[in-house]
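My questions are about this predicted structure, shown below with the sequence.
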Protein chains: 2
Amino acid sequence: MSFETEDYPGVAAKAPDETLGFRFNHTMLRVKDPEASLAFYSHVLGMRVLRRLDFEEMEFSLYFLARPDPEEAIPEDRAGRTRWTFSQRGILELTHNWGTENDPDAHYHDGNSEPQGFGHICFSVPDLDKAIAWFDANDVEYVKRPEQGKMKDIAFIKDPDGYWIEIVQADRMARIGG
Amino acid sequence: MSFETEDYPGVAAKAPDETLGFRFNHTMLRVKDPEASLAFYSHVLGMRVLRRLDFEEMEFSLYFLARPDPEEAIPEDRAGRTRWTFSQRGILELTHNWGTENDPDAHYHDGNSEPQGFGHICFSVPDLDKAIAWFDANDVEYVKRPEQGKMKDIAFIKDPDGYWIEIVQADRMARIGG
């Protein structure tokens, strides 16, 4: 493929052969209360918990989630499912440091106030209007509803820790992109 | 599918129909110097720049990157490529606030020191040892080399802003996962 974008400063003209098979597998966010986060991601966003790993000595647990399409066959056995989990794209890893759920002072930083860094994750949905109705039916909190601000084709919701989740519909983005 | 993990507190027994077609599309990170970041992600990790969006009034640019497999046909036309970009999984969005690259005081927070929140992104690679040799040949900075610490099957490298990138090989993770 040849994109005009490859003329940007710094961009390699082609992907080096050494990177063949590299996949952007997951993004990790720390969460205060796994019950609240698992309820949100499994119900509101339809994600499945693929694997949980407990590290007793260090007192934390990891949860790996995906939102597979119905036709995607996920191995039922643990080893196969683990291998599947780490060879996909679009996995969400939630880290729970034990005890934070009972600590009134524990809360995580969303990255959008100072000090800034990470900004958000984004879900693409088939129909933005229907997705907004679904979020409203589930009392989801918004950073920005579609009708607020200039960008009417984009919404931002919050997860239970306050992390921002952008919501887009691909063919409405094409309209923005030109 | 039916996983033992669905018995965890809070987890919905099945993905609601309203979430059909939802996809975890992208993760956004702010970067100080797009030339350095684009060089790193396009060369060291083999990602392609799919779209750039400039917001002149607000003085920032967005870069959307993917690491497609060779058989994946990415539309060449802008509208088609934009639609493709926002319907995939595993897209990385880099945000450049203009001028940060020339500001010696500008730097972003990686989320792993206080205040904590976001932790890392992760790339899955076909062969961890070969990937490490490739990173070494490119003078990549490490948070943790595979041979350091207890987790010999996992490495963490740093991108130009210091964000952590976990590197895993799926079938070696299956060994960890049991």
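Nice, I can see it.

pLDDT score for A:Asp161?
Reading off the confidence values, A:Asp161 has pLDDT 98.

measure the residue nearest the centre of chain A to chain B for me?
Centroid-nearest residue in chain A, with CA atoms, centre = their mean: A:Ile121, separated by 4.6 Å. Note on A:Ile121: its distance to chain B, by CB to the nearest CB, to the nearest Å, is 5 Å. C-betas here are computed from N, CA, C, even on glycine.

and what of A:Arg30?
Taken as CB to the nearest CB, the span from A:Arg30 to chain B is 6 Å.

Repeat that for A:Asp161.
8 Å.

Correct me if wrong: that residue contacts A:Pro34.
No. A:Asp161 lies out of contact with A:Pro34 (CB atoms under 8 Å); the separation is 10.7 Å.

Backbone dihedrals for A:Tyr142, please?
Phi and psi for A:Tyr142, reported as degrees, to the nearest 10, are phi -110, psi 140.

Bridged to A:Glu166, which residues?
A:Cys122, A:Phe156 (DSSP bridges).

pretty sure it is touching A:Ile121, no?
Yes. The pair A:Glu166 and A:Ile121 passes the contact test of CB under 8 Å, sitting 7.3 Å apart.

Okay, strands next: where are they in chain A?
A:23-30, A:48-55, A:60-66, A:91-97, A:118-124, A:142-144, A:155-158, A:164-168 (DSSP state E).

And the helices in chain A?
In chain A, the segments counted as helices under DSSP state H are A:34-39, A:78-85, A:128-137, A:170-177.

and of those helices, who's closest to B:Ala13?
B:Ala13 lies closest to helix A:34-39 among these, at 11.7 Å (CB to CB).

Could you find the closest non-adjacent residue to A:Ala36?
Once flanking residues are discounted, A:Ala36 sits nearest to A:Pro160: 4.2 Å by CB to CB, 6 or more residues apart in numbering or on different chains.

ok, so what distance separates A:Ile165 from chain B?
For A:Ile165, the distance to chain B - CB to the nearest CB - is 9 Å.

surely that residue meets A:Cys122?
Yes. Assessed by CB under 8 Å, A:Ile165 is found in contact with A:Cys122 at 6.8 Å.

Can you check what pLDDT the model gives A:Cys122?
98.

next one: the one 3 residues further on
Confidence per residue is given as pLDDT, and for A:Val125 that number is 98.

which residues touch it?
When contacts are counted by CB atoms under 8 Å, 6 or more residues apart in numbering or on different chains, A:Val125 touches A:131, A:167-169, B:21-23.

how much space is there between it and A:Pro68?
To A:Pro68, A:Val125 is 15 Å away according to CB to CB, to the nearest Å.

any idea which of the contacts of A:Val125 is closest to B:Arg51?
Taking those together and measuring to B:Arg51 by CB to CB, the closest member is A:Val168, at 12.6 Å.

for the residue nearest to A:Ala36, phi and psi?
phi -60, psi -20.

Surely it touches A:Val31?
Yes. Applying CB under 8 Å as the test, A:Pro160 and A:Val31 come out as touching, 7.2 Å apart.

Between these two, which contacts overlap?
Contact criterion CB under 8 Å, 6+ apart; residues shared by A:Pro160 and A:Val31: A:Ser37.

And chain A, what are its domain boundaries?
Listed by automatic domain parsing, the domain ranges of chain A are A:23-101, A:112-178.

where does chain A dip in pLDDT?
Along chain A, the model assigns pLDDT under 70 to residues A:1-7, A:177-178.

which ones are touching the nearest residue to A:Pro146 once chain neighbours are set aside?
Nearest non-adjacent residue to A:Pro146, counting by CB to CB, 6+ apart: A:Ala155, 4.8 Å away. Residues near A:Ala155 by CB under 8 Å, 6+ apart: A:128, A:131-132, A:135, A:142, A:144-146, A:166-167.

Let me know the distance separating A:Ala155 from chain B.
Per CB to the nearest CB, A:Ala155 is found 13 Å from chain B.

A:Ala174 too?
4 Å.

Over to A:Val143?
Using CB to the nearest CB, A:Val143 is found at 13 Å from chain B.

go on, A:Ile167?
When distance is defined by CB to the nearest CB, A:Ile167 is 9 Å away from chain B.

and that residue, how many neighbours does it have?
By the criterion of other CB atoms under 10 Å in any protein chain shown, A:Ile167 has 24 neighbours.

Contact partners for A:Ala174?
For A:Ala174, the contact set (CB under 8 Å, 6+ apart) comprises B:79-80, B:82-83, B:86.
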